[in-house]
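A.B. asks: structure for the following, please:
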Amino acid sequence: MSGTGAFGEEAAQRTAQRTGQRTGRRAMLAGAVAGMAGMAVASTGQPAQAATTGTTGTTLDWYDVKDYGAVGDGSSNDTAAVQSALDAAATGGGGTVYFPAGTYLVVPGSGTPALSVGGNGIRLVGAGSKASTLVKGGNGILLRMSGAGADPTGATHRRYCAIENLGLNGNSRTGLLLELYYTDNCYFRDLFMTSNNDLCVDGVELWDSRFYNLAVESCTGTAGSTTQPNIWLRNSSATSGWGYSTDNVNQVHFIGCRLEAFGTGALWITQGTAKTNNPNGIYLTDCKFETSSMQGGPHLKTDASCTHVYATNIYCFAGGFASGYSTAQNIIGWAASSSALENVLIANGATATVNSGVDLYSGPGSTAVLRDVVGGYTTKPTGAHIYYESSSTGDFRVENSYGSTGGQASGTLPTTNAPNPPLRLVAGAVSDSSFTHPPLDGTMAVDTTDKRLYVRVGGAWLWTALNS
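C.D. replies: Numbers count the residues shown, from 1 in each chain. I've put the predicted structure just below:
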């Protein structure tokens, strides 16, 4: 796209912003040399507070974690230093917390996260998703970006925050990498998450947020678990207290994301433990879910409480199992209403990893929609490409969805298929001129005057009378 387009304008604005920020830092450092407000490290080794005003008197909004004492060598405990930078940004009303290239070891406390974003409008930015990395030094949550608690008004949510160009490494520990409870209007761009032995991202009462180019690798969940997907969006994760909500998850987008080498699923969207409300408005576009470390659970899952979930241009690969596992799985569990699953390729290798490509349910008053959901199977499913749930009560529209080998459909095959598009109605004999453009052979139309059904065959229109 031309640099004069929307993306070009955004890039120019961001470049100007970064240039201004670098200029602000240079001015601050120059002022320090001249004896003006600057930054100093006391002889005790404890970081002093960074300057809050530049030489022009304007408030600075750039907080370099190394200015607060972070080392970034992967072995020094940088927890307090990084938290000090986050706290300074919160006290200052927001701003950018910057992580220069390095590995920052942070350690969760007993029942507390390693790091918490305590204010709105705070952006965490690294030098690159593989250049700047936060590493978990113990079991527990690495980063909390959550509000005060359940709030249907959103007033006490954590809001307008972001994380960009940063890596989060679980270091084979348990606990979340990123907690997003009671959060809205945030975005996450160019992140790399790896090596977490648990859920990576948990979203509860998460609204109006975006994930762009998120990569998650080698986050498998604990041994024996089948309920630790890489990302779980749910209305509630607890029956009371922290993680409880009677509201929902809504308007969350995943664009161009890649989730690989997971054990118990890539992305799940469910009602959660409180059993109230409906997750809605979730959009997945151009995403890849691939693993050869399967323990159990589908790659992609929506439950029957979900509404308005749309997934398109999705690639799912089930290459093999984690050590000690061998049970074929359903790759996609799709039960959302007023939703659609489209342009999907489900594939496997030489191992029989796939039970059904899609486990499909249609709820009351709804139509389950699958379009162009294709199974490119090297090894045929142990079940069928599409399994139709017997408990379904709604309609189905399944178009151009098939497996390259093995059974095509099993379960309770639907009789409540959604109606086809209505035929063109013509008052009199049907011809090519009855259409805006000449139609193809096989096109049908109805003569409403003489009550005839017409079919175009070999360029000619043939008809048969309709019974009255």
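A.B. asks: distance of Leu214 from Ser434?
C.D. replies: 50 Å (CB to CB, to the nearest Å). Where C-beta positions appear, they are placed from N, C-alpha and C, glycine not excepted.
A.B. asks: give me the more crowded residue out of these two.
C.D. replies: More crowded of Leu214 and Ser434, by other CB atoms under 10 Å: Leu214, with 25 against 18.
A.B. asks: got a list of what the closest residue to that one other than its chain neighbours touches?
C.D. replies: The shortest distance from Leu214 to any non-neighbouring residue, by CB to CB, 6 or more residues apart in numbering, is to Cys257 (4.4 Å). Counting by CB atoms under 8 Å, 6 or more residues apart in numbering, Cys257 touches Phe211, Tyr212, Asn213, Leu214, Ala215, Val216, Leu284, Cys287, Lys288.
A.B. asks: which is the next helix or strand following the helix or strand of the chain with the lowest mean pLDDT?
C.D. replies: Least confident element among the helices and strands of the chain, by mean pLDDT, DSSP states H and E: helix 6-33 (a mean of 39). Using DSSP states H and E, the helix or strand that follows helix 6-33 in sequence is strand 62-64.
A.B. asks: check which helices and strands that following strand is in contact with.
C.D. replies: helix 6-33, helix 79-91, strand 95-99 (3 or more CB pairs under 8 Å, 6 or more residues apart in numbering; DSSP states H and E).
A.B. asks: quick one: the last one to helix 79-91, angle?
C.D. replies: Relative orientation of strand 95-99 versus helix 79-91 (axes from the mean of the first three to the mean of the last three CA atoms, to 10 degrees): 160 degrees.
A.B. asks: list the contacts of strand 95-99.
C.D. replies: With CB under 8 Å, 6+ apart, strand 95-99 has contacts from 21, 60-65, 70, 72, 82, 85-86, 89, 121-127, 132, 134, 166.
A.B. asks: go on, the second one?
C.D. replies: Contacts with helix 79-91, where a contact means CB under 8 Å, 6+ apart, come from 47, 49-50, 61, 63-65, 67-71, 95-97, 99, 104-107, 114-119, 122, 124, 134, 137.
A.B. asks: would you mind checking the contacts of strand 95-99 for buried ones?
C.D. replies: Neighbour counting by 16 or more other CB atoms under 10 Å classes 21, 60-65, 70, 72, 82, 85-86, 89, 121-126, 132, 134, 166 among these as buried.
A.B. asks: where does the stretch 51-200 of the chain dip in pLDDT?
C.D. replies: 51-59 (pLDDT under 70).
A.B. asks: so which helix or strand takes in Lys301?
C.D. replies: Per DSSP H and E: strand 300-302 holds Lys301.
A.B. asks: ok, then the element right after that strand?
C.D. replies: strand 307-318.
A.B. asks: quick one: list the elements packing against the helix or strand just after that next one.
C.D. replies: Downstream of strand 307-318, the first helix or strand assigned by DSSP H and E is strand 332-334. When contacts are defined as 3+ CB pairs under 8 Å, 6+ apart, strand 332-334 packs onto strand 300-302, strand 340-348, strand 358-360.
A.B. asks: could you dump these to JSON lines with distance to Asp247 and mean neighbour count?
C.D. replies: Converted to JSON lines, these look like this (distance: least, CB to CB, whole Å; neighbours: other CB atoms under 10 Å):
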{"stretch": "strand 300-302", "distance to Asp247": "18", "mean neighbour count": "25"}
{"stretch": "strand 340-348", "distance to Asp247": "25", "mean neighbour count": "21"}
{"stretch": "strand 358-360", "distance to Asp247": "28", "mean neighbour count": "25"}
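A.B. asks: can you put the ones you listed in TSV and add distance to Leu462 and mean pLDDT?
C.D. replies: Shown next, in TSV, are those (distance: least, CB to CB, whole Å; pLDDT from 0 to 100):
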stretch	distance to Leu462	mean pLDDT
strand 300-302	45	98
strand 340-348	34	98
strand 358-360	37	98
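A.B. asks: so for Trp463, which of those strands sits nearest?
C.D. replies: strand 340-348 (35.1 Å; CB to CB).
A.B. asks: how far off centre is the single longest strand found in the chain?
C.D. replies: The strand that spans the most residues within the chain, counting by DSSP state E, is strand 201-217. How far strand 201-217 lies from its chain's middle: 5 Å, per CA atoms, centre = their mean, to the nearest Å.
A.B. asks: the stretch 51-200 of the chain: strands as residue ranges?
C.D. replies: 62-64, 73-77, 95-99, 102-106, 115-116, 122-126, 132-136, 143-144, 158-159, 162-173, 178-184, 187-196 (DSSP state E, counting those that start in this stretch).
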